[in-house]
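Chemist: What shape does this take:
(4 chains, ligands or ions: 2)
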Amino acid sequence: MKACATPSFGASSRPSPRALRESTRGTEDARCGLMARRAATGKLAKYRSMRDFKVTAEPSGDRSPRGKGNSFVIQKHAARRLHYDFRLELDGVLLSWSVPKGPSLSPTEKRLAVRTEDHPLDYASFEGVIPQGQYGGGTVAVWDRGTWQPEDDPHEAMKKGRLTFTLDGEKLHGKWHLVRTRPQGKQEGWLLFKGRDDAANENVDIVEEEPRSVVTNRTIDQIAADSDRVWQSSKVAEPTAMEKRAARIAKAGKAAANEERDTNPRKNIHRNIQLANEAAKKARGKKTEPAAPPSASAASVAALVRQLPLGFQLTNLDKVLYPEQGITKAQLVAYFAVVADWMMPQLHDRPLTLVRCPEGRHKQCFFQKKILPGSPKSIHTVEIEEESGESVEYMRVKDMPGLVGLAQLGTLEIHTWGCHADKVERPDFMVFDLDPAPDVEWDRVALAAFEVRKRLNKLGIASWVKTTGGKGLHVCAPIKRTIDWERFKEFTKLFADTIAAEHPKQYTSNISKAARKGKIFVDYLRNGRNATFIAPYSPRAREGAPVATPITWEELAHGVDPLSFTTATVPLRLAKLKKDPWHGIEDADQAITAAAWRALGGKP
DNA sequence: GTTGTTC
DNA sequence: GAACAACAACGCGGC
DNA sequence: GCCGCG
Ligand SMILES: [Mn+2]
Ligand SMILES: [Mn+2]
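Modeler: Ligands and ions are numbered 1, 2, ... in the order given. Okay, the predicted model is just below:
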């Protein structure tokens, strides 16, 4: 059997137009044509793997339009960033480059061109909208099209990284160059620039002056608007299951919003996220097998959180962070967005330490205290002088986008210092962490919290309580910023030692494991300068995505199951609450008084 | 998860 | 663009 | 000084 001819023109002799035509389309036999098609099919595997053709209107490339085999197209593509996709037909596919600034008619203006995956030939006529969330989501216009003629063998040229050719399009003409930059060194890029000939022009910005589609004479904006209309009408005609679902959520969201005449769009997004969370919980039921199947609404949660006004990009929203519950990063983002209003008053401007698990809670997790380059801009910093003398940039957040920024980093736990950024050397939040030994019953822990509360009250300090996401409780008290860390910790140690001394069978203030057997460790060490504690409303990187949850003393007296507070249940709980469980904590105006020191037998 | 290096 | 590697905390108490 | 702890 005869081998199929590879189009080849030799290095020196320029091919005739006829030779070019015949090189890609069958002057030989049907077998070669078929093989070329199969080859093209293989080249398009990547293109297809990146797209879901049920969702996008882009062609799948299973039908090749008949042409002369030397077409080119430039598609103006308003995606995340506006760019121009430069495509040359070769061997049954479109070689493609993404040119951020588009072509220039000036031979001295070299434009960066990044090679992208080969596209099918029928892509050349695609103009319209690629749905958001799909690869390359955005609006596409056919900015120019026509034919191209390589100067030499294009296969050799591609291999060498020097392609010289002539364009005969509607906007672009004459000689052009595509040159690969140094293969080693920085990233491999190409440069697209005009050859020196009559079609060159130093004075015209072709991209500015000819912005429209050469096919429909529409601008990008007009194409997007037209596509909107088509989408609207097709939606009425034939709603898909997903659209029906979205409509249901939107309707429920509207009804809820109408109740309180809420015109804040962000609040509405929050509400929709809550509704989606609720639906997700119902869909999951209470089954928690080793790996839960993705919940029905995971996809719609991703769509919702993408609407949050953040100022940075969310990525990998479908990544599963808690496999047992099937909780995705999108659901974590939704959780933070919903609890932000309750959480931020406590978290605002405190230095942070994070527990990050970007690959999920079972994979490599790590602590992070310093800000890293590339962090979302909604994460702010605070410069703190370490005792060693060196200065470290800690992280802090001020608002919902900041909180979601932490989620974007794959943060499963947020730990905070007991001070604020503007006065780091003055602690303002006291925490007694009640850690029960493994065999201690929950009721004893609850009673311990009341004991701590009673004793603090006697010292003139009101306190609030939260679960930790584990088997313990945190008794918390805001304190005026009068004393330094050393004295602060000294006071809390005195307090813990006193309880332990008076009830040695119940409590210990000694961190060592041996001392804690059968007892509750009153952990005052959270009150040191370099110590942190789990933030209110922070999830934990543990099975079930439990949440450190502020509760009222009444609830604690009534009985609560600390592990029932999870990223799935806390948003529902908050929606039902009439007032903040920590109501009044912002207005507390209390300090460690001289009388308090004396009551514990300490020196004021 | 992000950045930097390398092809 | 893709594949790959490096990197992301540390102080304090107990004995 | 090392280990455990969070
Ligand atoms: Mn593109
Ligand atoms: Mn503890």
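Chemist: residues contacting the closest residue in space to residue A:212 that isn't next to it in sequence?
Modeler: Sequence neighbours aside, residue A:219 is the residue nearest to residue A:212 in space, at 5.6 Å (criterion: C-beta to C-beta, 6 or more residues apart in numbering). Where you see a C-beta, it was placed from the backbone N, CA and C, and this is true even at glycine. If you count contacts by C-beta atoms under 8 Å, 6 or more residues apart in numbering, residue A:219 has them with A:141, A:211-213.
Chemist: On the three-state scheme, the spatially closest residue to residue A:591 that is not a sequence neighbour is what?
Modeler: Distances taken as C-beta to C-beta, 6+ apart put residue A:480 closest to residue A:591, at 4.1 Å, once the chain neighbours are dropped. Residue A:480 falls in the coil class when you classify it by DSSP: H, G, I helix; E, B strand; the rest coil.
Chemist: Counting neighbours, what do you get for residue A:480?
Modeler: Counted with other C-beta atoms under 10 Å, the neighbours of residue A:480 add up to 12.
Chemist: Wait, residue A:139 touches residue A:225, no?
Modeler: No. Assessed by C-beta atoms under 8 Å, residue A:139 is found out of contact with residue A:225, at 9.6 Å.
Chemist: higher neighbour count, these two?
Modeler: Using other C-beta under 10 Å as the criterion, residue A:139 and residue A:225 rank with residue A:139 on top: 22 against 13.
Chemist: what about that one, which SS state?
Modeler: strand.
Chemist: likewise residue A:454?
Modeler: The three-state assignment at residue A:454 reads helix, by three-state DSSP.
Chemist: Check the burial of it by counting its neighbours.
Modeler: Neighbours of residue A:454 under the rule other C-beta under 10 Å: 10.
Chemist: In contact with residue A:138, which residues?
Modeler: A:77-80, A:129-130, A:132.
Chemist: Can you tell me how far the closest residue to it other than its chain neighbours is from residue A:227?
Modeler: Residue nearest to residue A:138 in three dimensions, not counting chain neighbours: residue A:79, with 3.6 Å by C-beta to C-beta, 6+ apart. Here residue A:79 is placed at a distance of 14 Å from residue A:227 (C-beta to C-beta, to the nearest Å).
Chemist: which residues touch the residue most central in space within chain A?
Modeler: Nearest residue to the geometric centre of chain A (C-alpha atoms, centre = their mean): residue A:314, 2.5 Å. Residue A:314 makes contact with A:305-306, A:329-330, A:333, A:404, A:408, according to C-beta under 8 Å, 6+ apart.
Chemist: do that again at 7 Å, thanks
Modeler: A:305-306, A:333, A:408 (C-beta atoms under 7 Å, 6 or more residues apart in numbering).
Chemist: Just to be sure, which of those are found in helices?
Modeler: A:305, A:333, A:408 (DSSP state H).
Chemist: ok, those vs DNA strand C, which is closest?
Modeler: residue A:408 (13.0 Å; C-beta to the nearest atom of the strand).
Chemist: Would you agree that closest one is in contact with residue A:377?
Modeler: No. Using C-beta atoms under 7 Å, residue A:408 is not in contact with residue A:377, being 11.0 Å away.
Chemist: re earlier: quick one: pLDDT of the residue nearest to the centre of chain A?
Modeler: Residue A:314 is assigned a pLDDT of 97 by the prediction.
Chemist: What's the PyMOL line that selects buried ones from the contacts of residue A:138?
Modeler: Entered in PyMOL, the line below selects the buried ones among those, by 16 or more other C-beta atoms under 10 Å:
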select buried, chain A and resi 77+78+79+129+130
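Chemist: Would you state the strands of the stretch 451-600 of chain A in chain order?
Modeler: A:464-467, A:473-478, A:507-508, A:520-523, A:533-534, A:550-551 (DSSP state E, counting those that start in this stretch).
Chemist: Check which helices and strands the fourth one sits against.
Modeler: Okay, so that is strand A:520-523. strand A:429-436, helix A:442-458, helix A:485-502, strand A:507-508 (3 or more C-beta pairs under 7 Å, 6 or more residues apart in numbering; DSSP states H and E).
Chemist: same question, the last one
Modeler: Counting by 3+ C-beta pairs under 7 Å, 6+ apart, the packing neighbours recorded for strand A:550-551 are strand A:464-467.
Chemist: now the first one
Modeler: Counting contacts by 3+ C-beta pairs under 7 Å, 6+ apart, strand A:464-467 is packed against strand A:473-478, strand A:550-551.
Chemist: Give me the sheet partners of the shortest one and which way each runs.
Modeler: In the sheet containing strand A:550-551, the strands it pairs with under DSSP bridges are strand A:464-467 (antiparallel).
Chemist: pLDDT (mean, whole number) over stretch A:141-149?
Modeler: According to the model, stretch A:141-149 has a mean pLDDT of 93.
Chemist: Can you tell me what sits against stretch A:461-471?
Modeler: For stretch A:461-471, contacts defined as C-beta under 7 Å, 6+ apart pick out A:436, A:445, A:449, A:453, A:456, A:473-477, A:534, A:536, A:540, A:542, A:546-551, A:553, A:556, A:562, A:565, A:582, A:585, A:588, A:590.
Chemist: Just the buried ones among these, please.
Modeler: When those are checked for burial by 16+ other C-beta under 10 Å, the buried set is A:436, A:445, A:449, A:453, A:456, A:473-477, A:534, A:536, A:540, A:546-551, A:553, A:556, A:562, A:565, A:582, A:585, A:590.
Chemist: tally of neighbours for residue A:330?
Modeler: When neighbours are defined as other C-beta under 10 Å, residue A:330 has 28 of them.
Chemist: Next, it: secondary structure please.
Modeler: Residue A:330 is classified as helix under three-state DSSP.
Chemist: Next, the contact list for it, please.
Modeler: Contact analysis of residue A:330 by C-beta under 7 Å, 6+ apart lists A:298, A:301-302, A:305, A:317-318.
Chemist: For residue A:560, what are phi and psi?
Modeler: Backbone geometry at residue A:560, expressed as degrees, to the nearest 10, gives phi -130, psi 160.
Chemist: For burial, what's the neighbour tally of the nearest residue to residue A:509 once chain neighbours are set aside?
Modeler: Once flanking residues are discounted, residue A:509 sits nearest to residue A:496: 3.9 Å by C-beta to C-beta, 6+ apart. Neighbour count of residue A:496, defined by other C-beta under 10 Å: 23.
Chemist: Residue A:496 contacts residue A:524, correct?
Modeler: Yes. Using C-beta under 7 Å, residue A:496 is in contact with residue A:524, at 4.1 Å.
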